[in-house]
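# coords please:
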Amino acid sequence: MMWINEYMTGRSGKTNVAAAGEILTANNGRVAVGSNRNYNALPVIAPAGVAYVPAAGTSTMVLEGAGGTVCLGVIAAPPEPLEAGELMLYSAGGASIVLKNNGKVLINGREVS
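Numbering: from 1, shown residues only. Down below sits the predicted model:
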C-alpha cells in the first residue's frame, strides 16, 4: 500500500537527513563536502544578497531533502563577541563590518558615521 501513496504523492516516505561534515573544496559557488559520505558540487545556502565561498577545512551541515542536497553554510563562531541582535560580516583575511545595537557601525574595528 505504501508504494501507492508514494506514487500518488511523489514522496518516498524518506525524511530529510542532515549530516555534519567538512568542506573539502570550493569551486564556482559549489562545494565538495566530506561527511558520512562524500558530496560533490553542492550549492551553498546563504541569505539573500550574500555570496561567499567557504574555506576548505571548515565545518558544515549538509541537508538532503526532496528538493535536492545542499550545503547549509559553515559552522563558525565570530572572531569577537556579539550581543544578541548584532550582526557581523567578516572574511578569512580579517576584514569585518559590525552593526551594533546602539546604531554604530564598525569597519575593521573603527567606528564610522
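# Just give me the residue right at the centre of the chain.
For the chain, the residue nearest the mean C-alpha position is Gly73 (1.2 Å; Cα atoms, centre = their mean).
# what about it, helix or strand, and which?
Assessed by DSSP states H and E, Gly73 sits inside strand 68-74.
# what packs against that strand?
In this structure, strand 68-74 makes packing contacts with strand 17-27, strand 38-43, strand 59-65, judged by 3 or more Cβ pairs under 8 Å, 6 or more residues apart in numbering; DSSP states H and E. Every C-beta, even on glycine, is put in place using the N, C-alpha and C of the backbone.
# for this structure, which spans come out with low pLDDT?
Along the chain, segments meeting pLDDT under 70 span 1-15.
# One more pass at 90, please.
Within the chain, the segments meeting pLDDT under 90 span 1-17, 27-29, 36, 46-53, 65-67, 75-80, 91-93, 113.
# related to what we said a few turns ago, okay, the helices and strands packed on strand 68-74, which one's buried deepest?
strand 59-65 (a mean of 17; mean count of other Cβ atoms under 10 Å).
# Keeping just the C-alphas, turn it into CSV.
Extracted C-alpha coordinates of strand 59-65, given in CSV (Å, rounded to 0.1, in the frame of the first residue of the first chain):
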residue,chain,number,x,y,z
SER,A,59,32.8,22.5,9.5
THR,A,60,29.4,22.5,7.7
MET,A,61,26.0,20.8,7.6
VAL,A,62,24.5,19.1,4.6
LEU,A,63,20.8,18.7,4.2
GLU,A,64,19.3,16.0,1.9
GLY,A,65,15.7,16.7,1.1
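# what lines up beside that strand in the sheet?
With DSSP bridges as the test, strand 59-65 is paired with strand 17-27 (antiparallel), strand 68-74 (antiparallel).
# so Ala92 is in which element?
Following DSSP H and E, there is no helix or strand that holds Ala92.
# Next, the residue nearest to it when sequence neighbours are not counted: secondary structure please.
Computed as Cβ to Cβ, 6 or more residues apart in numbering, the closest residue to Ala92 that is not its neighbour in sequence is Ala55, at 5.6 Å. What DSSP: H, G, I helix; E, B strand; the rest coil gives for Ala55 is coil.
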